[in-house]
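> Model the structure of this input:
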Amino acid sequence: MPIRLQSQRLRLYDSDELDQVLQAMARQAAALLPSEHVALIGVQRRGEPLAQRLQQYLALQTGKPELPLYPLKVKRYADDLKVLHTLTELTENPILGDLRLANTTVLIVDDVLFEGHSLLRACAYLAQLGARRVCTAVLVDRHVSQQPIHADIVGVHLQVADNDIVECNVPPYEKDFCIEIVRHGAV
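A predicted model of the protein is given here:
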């Protein structure tokens, strides 16, 4: 008899809980970042709307204007963790190339730190553009990074099975703002 694989979806965090997580991340960012010459980089797709939320919470907490935010397209995996690109693809953002990053601290925001390829590629690119200091923030750290990279700010620490998929559902790409685990098991 063949083994059938069945997926199980578990919601770990809902919208209200994630808003609290992002507020805590904003407090960490306010303590970590200098008071001037700071920019946010949102890794597309889901890192960009997360960076927008973080940007708003930072402005509310500090009473300062919203930090500038720039998108950066970095891609290695599909949503189901299949490798799409052997070498992590990065699409250069010409606006970033025009900025004077030598006096700027940048905070890269992404949804999940998995193996670390995407975050490492983004950090290397920004360093190449002359960014004075590069910091990182992720909503979820799976603690399985295979690269010499870590997140300076982590919203949620999750240690799940290797074949489990951590799904960060972030509007506008998904309806509900939540974190779910998709477990694949034999029946």
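> List the contacts of the closest residue to P34 other than its chain neighbours.
With sequence-adjacent residues excluded and distances taken as CB to CB, 6 or more residues apart in numbering, P34 is closest to T105, at 5.6 Å. In short, each C-beta sits where N, CA and C put it, glycine included. Contacts for T105 (CB atoms under 8 Å, 6 or more residues apart in numbering) come out as 33-34, 37-39, 131-135.
> same question, L72
Here L72 is in contact with 41-44, 90-91, 93, 96, 108, 122, 125 (criterion: CB under 8 Å, 6+ apart).
> Now do G63: how many residues are near it, please.
6 (other CB atoms under 10 Å).
> To clarify, my last question referred to L67.
With other CB under 10 Å as criterion, L67 counts 18.
> What of the one 3 residues further on?
Burial measure for Y70: 15 neighbouring residues, criterion other CB under 10 Å.
> mind checking which helix or strand it is in?
Assigned by DSSP states H and E, Y70 belongs to strand 69-75.
> can you give me the offset of that strand from its chain's centre?
Centroid separation between strand 69-75 and its chain, computed with CA atoms, centre = their mean, to the nearest Å, is 10 Å.
> sec struct for the spatially most central residue of the chain, please.
Residue closest to the average C-alpha location in the chain (CA atoms, centre = their mean): D110, at 1.1 Å. Assigned by DSSP: H, G, I helix; E, B strand; the rest coil, the conformation of D110 is strand.
> so what's it bridging to?
V138 (DSSP bridges).
> Hmm, T136 and it touching each other?
Yes: with contact defined as CB atoms under 8 Å, D110 counts as touching T136 (7.5 Å).
> Now the common contact residues for those two.
Joint contacts of D110 and T136 (CB under 8 Å, 6+ apart) are L119.
> Show the pLDDT at S35.
We note a pLDDT of 90 for S35 in this prediction.
> Oops, could you answer that again for L81 instead?
L81 is given a pLDDT of 49.
> Nothing else from me, thank you.
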